[in-house]
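[1] Generate a structure from the sequence data that follows.
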Amino acid sequence: MFSTLTVLALAFFGQSAYAVSSSLTNSPPTDIGAALPVVNIHSLTPKANATLSAAGHSKIHADLFGEAPTDFPATLLLCPTDLCISCFAIDLSTLPVSMCLAESFNIKSVAISQPSDAGLSFGVFVGEPGCENFIQIPSVNGCFGDFGATISDIAIN
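    Sure, this is the predicted structure:
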């Protein structure tokens, strides 16, 4: 089972791992995620290749009813502490898709801050070192942690 997941993850993310540019995580940490509700990442079921709004809606609703897409602005918060405190903020619109990005620290909690709370039309994932065993961040505007493993890599698809 483990080897199957590893093979699928490598195929899914093109077997490529690149270090996130140091300029992304050299900015001062922010506490904007500290006000978000804290949720166990395993308690919500993600939607394949989409990230739900905090209210559980997805961009599909917007597509069906003619609302304008509102993926951005959206900020990925990578936090070396629990409870989304002292996080490094990364503009999601600047990250490449279908590529594993290896970070230089262990991620203890993660959040996607999105003012519109519309959800994303793509999935955002965190994974173990070596681009393995990815977990999808299931919704925006929630703080997720308690991964059950060491997390240091991110990917968007």
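[2] Which residue ranges of the chain form helices?
    2-12, 22-25, 59-65 (DSSP state H).
[3] Identify the residue nearest the geometric centre of this structure.
    Val124 (3.8 Å; Cα atoms, centre = their mean).
[4] is it true that it touches Leu76?
    Yes - contact status for Val124 versus Leu76: in contact at 6.5 Å, counting by Cβ atoms under 8 Å. (C-beta placed from N, C-alpha, C; glycine too.)
[5] and for these two, which residues touch both?
    Counting by Cβ atoms under 8 Å, 6 or more residues apart in numbering, the shared contacts of Val124 and Leu76 are Leu92, Ile112, Ile154.
[6] ok, Ile156 - contacts?
    Contacts of Ile156 (Cβ under 8 Å, 6+ apart): Leu92, Leu95, Pro96, Val97, Ser98, Met99, Phe122, Gly123, Val124, Phe125.
[7] what sits against the first one?
    With contacts defined as Cβ under 8 Å, 6+ apart, the neighbours of Leu92 are Asp71, Phe72, Ala74, Thr75, Leu76, Ile112, Leu120, Val124, Ile156.
[8] Can you pull out the low-pLDDT segments for this structure?
    For the chain, the stretches with pLDDT under 70 are 1-26, 46-50, 54-69.
[9] where exactly do the strands run in it?
    17-19, 38-40, 75-79, 88-91, 100-102, 109-113, 124-128, 132-136, 143-145, 153-156 (DSSP state E).
[10] For Thr30, which of these is the nearest?
    strand 88-91 (5.1 Å; Cβ to Cβ).
[11] residues of the closest one that come out buried?
    If you call a residue buried by 16 or more other Cβ atoms under 10 Å, then strand 88-91 has these buried ones: Phe88, Ala89, Ile90.
[12] Tell me the helices and strands packed up against that strand.
    In terms of contacts (3 or more Cβ pairs under 8 Å, 6 or more residues apart in numbering; DSSP states H and E), strand 88-91 is packed against helix 22-25, strand 75-79.
[13] so what's Cys143 bridging to?
    Judged by DSSP bridges, the bridge partners of Cys143 are Val38, Ala111.
[14] I'd like the distance between it and Thr45.
    Cys143 sits 18 Å away from Thr45 when distances are taken as Cβ to Cβ, to the nearest Å.
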